[in-house]
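Chemist: have a look at this prediction, sequence included:
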Amino acid sequence: ATAVALAKEVGPAFKDGFWRTGQFSKVSDFAAEDKLGNKADCVTAVDRYIEKTIFDRLRQIYPTHKLVGEESTAESGNGCQVTDDPTWIVDPVDGTNNFVHHFPYTGISIGLAINKEPVVGVIYLPILDELYTASRGAGAFLNGEPLPLIRPPALTSPTALSQCALVSEHGSYRSQKTMSLRLRSLARLLTDKQDGGGCLQNLRITGGACPDLTLVAKGSAELYWECGPHVWDFAAGVVIVTESGGAVFDGAGWWGSDIPESERIPKPLNMWNRKIVAVRYIPDLPDKPGSGRELQKKLAKELLDLVDDFEYPP
Ligand code: LIP
């Protein structure tokens, strides 16, 4: 409830910034800066305003909780350490590059982790008017409707990558080495195989990990893959995906609402610098209980086998 209230409280400022109205109507007040001279990685006055507003409130409500935010971490220059303490993990504007270009796939992400496990996730995409909410064991919702929105039999059970849509991001570090490995991976994923094995049915790039993860939770894309997103890019989104029946994988294990401890990603929040794959809820095949979970693993493995493991940032 706190996360939802906070997301709603900062929604009007987000919209003002996006449309350059109200408190952000003076374009001179609205300079997008490049982080560390990286033109693809920008920050605006709105990112800072929203993060500060959310953190000020959280400090009042939960004085003992830890706070990790994209902008304060970037400004401190010390990186971020998530401990076992209750920790709020906030991206005030995920998809800032979209935000600057008035491209609507951008929003506010608020996650809460306890014992390094994300347990609450709220993503608000104000321009699309979509509020995603989830907490561990209690399901995931879009504007109050249970996720995934698309349900069986309309929601099919893909058995191969050739039946899948992937959402994926380039990241903002565009060195030649990183980009050539990424583009080589995408070429493998998109090219028909000689043996008739399929490539992906499609690839979409929205510009933000948060909108991508909401598309997977909604049932609009089967897979999300990215190499090295930051913890604030996925902390809320992975709760929303897993609570919608989806699963999240990295090289070391997987994570979903009913995954046995032995098969779990040991420390989900240390996924930084590793590849991460999210798979949507897959209904069981007729008369095959458990087959949906097996298909999630199979599709993630097929994808991970085709992509390079590149360091990020290089
Ligand atoms: C963005 C992420 C995206 C990643 C970008 C950037 P930001 O978040 O959503 O997945 O590829 O590099 O980190 O910086 O716009 O909040």
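Modeler: Thanks, I have it. Numbering: from 1, shown residues only.
Chemist: give me the residues contacting whichever strand or helix holds Leu6.
Modeler: Assigned by DSSP states H and E, Leu6 belongs to helix 2-19. Contact with helix 2-19 is made by 21-25, 30, 44-46, 49-50, 53-54, 57-58, 61-62, 92-93, 99, 102, 106-108, 110, 112, 120-122, 124, 126-127, 131, 133, 236, as judged by C-beta atoms under 8 Å, 6 or more residues apart in numbering. All C-beta spots, glycine's among them, are computed from the backbone N, C-alpha and C.
Chemist: which parts of the protein are helices?
Modeler: 2-19, 45-61, 70-76, 96-100, 176-190, 209-218, 231-243, 291-306 (DSSP state H).
Chemist: okay if I get the ones you listed as CSV plus mean neighbour count?
Modeler: Compiled in CSV, these are given as follows (neighbours: other C-beta atoms under 10 Å):
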stretch, mean neighbour count
helix 2-19, 19
helix 45-61, 18
helix 70-76, 17
helix 96-100, 21
helix 176-190, 16
helix 209-218, 29
helix 231-243, 30
helix 291-306, 18
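Chemist: quick one, which of these is nearest to Ile276?
Modeler: The closest of the helices of the chain to Ile276 is helix 231-243. By C-beta to C-beta, the value is 6.6 Å.
Chemist: can that closest one be found next to the ligand?
Modeler: Yes: using C-beta under 6 Å from any ligand atom, helix 231-243 comes into contact with the ligand via Asp233.
Chemist: and stretch 82-89, by the same measure?
Modeler: No: under the criterion of C-beta under 6 Å from any ligand atom, stretch 82-89 makes no contact with the ligand; the nearest approach is 12.2 Å.
Chemist: and that stretch, how far from the chain's centre?
Modeler: 18 Å (C-alpha atoms, centre = their mean, to the nearest Å).
Chemist: please work out the average pLDDT along that stretch.
Modeler: Throughout stretch 82-89, pLDDT has a mean value of 93.
Chemist: report pLDDT for the residue lying closest to Ala138 once chain neighbours are set aside.
Modeler: Excluding the flanking residues, the one nearest Ala138 by C-beta to C-beta, 6 or more residues apart in numbering is Glu243, at 7.1 Å. pLDDT, Glu243: 96.
Chemist: pretty sure Glu243 sits against Asp258.
Modeler: No: using C-beta atoms under 8 Å, Glu243 is not in contact with Asp258, being 10.9 Å away.
Chemist: quick check: mean pLDDT of the helix holding Leu6?
Modeler: According to the model, helix 2-19 has a mean pLDDT of 97.
Chemist: report whether that helix contacts the ligand.
Modeler: No: Helix 2-19 is not in contact with the ligand by C-beta under 6 Å from any ligand atom; minimum separation 12.7 Å.
Chemist: returning to that earlier point: of the helices of the chain, which approaches Ile150 most closely?
Modeler: Comparing the helices of the chain by C-beta to C-beta, helix 209-218 comes nearest, at 7.2 Å.
Chemist: gap between the closest one and the chain center?
Modeler: 6 Å.
Chemist: so it versus helix 231-243, what angle?
Modeler: 0 degrees (axes from the mean of the first three to the mean of the last three C-alpha atoms, to 10 degrees).
Chemist: what does the protein put close to the ligand?
Modeler: So the chain meets the ligand at 70, 91, 94-97, 169, 171-172, 208-209, 226, 229-230, 233 (C-beta under 6 Å from any ligand atom).
Chemist: 8 Å - rerun?
Modeler: With C-beta under 8 Å from any ligand atom as the criterion, the chain meets the ligand at residues 40-43, 47, 70, 91, 93-99, 106, 169-173, 207-212, 226, 229-230, 232-233.
Chemist: list the contacts of the residue nearest to Asn115 when sequence neighbours are not counted.
Modeler: Setting aside the residues directly before and after it, Asn115 is nearest to Asp84 in space (C-beta to C-beta, 6+ apart), at 4.8 Å. Applying C-beta under 8 Å, 6+ apart, we find Asp84 in contact with 114-116.
Chemist: tabulate those residues (CSV), appending pLDDT.
Modeler: What follows is these, written out as CSV (pLDDT from 0 to 100):
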residue, pLDDT
Ile114, 92
Asn115, 88
Lys116, 85
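Chemist: which one of those residues is nearest to the ligand?
Modeler: Nearest to the ligand among these: Lys116, at 20.5 Å, using C-beta to the nearest ligand atom.
Chemist: for the closest one, give its distance to Ser162.
Modeler: 36 Å (C-beta to C-beta, to the nearest Å).
Chemist: could you do Pro283 as well?
Modeler: From Pro283 to Ser162 the distance is 19 Å (C-beta to C-beta).
Chemist: got it, and Ile114?
Modeler: Distance from Ile114 to Ser162, by C-beta to C-beta: 39 Å.
Chemist: just Gly253 next, same as before
Modeler: Noted for Gly253: a distance of 26 Å to Ser162, by C-beta to C-beta.
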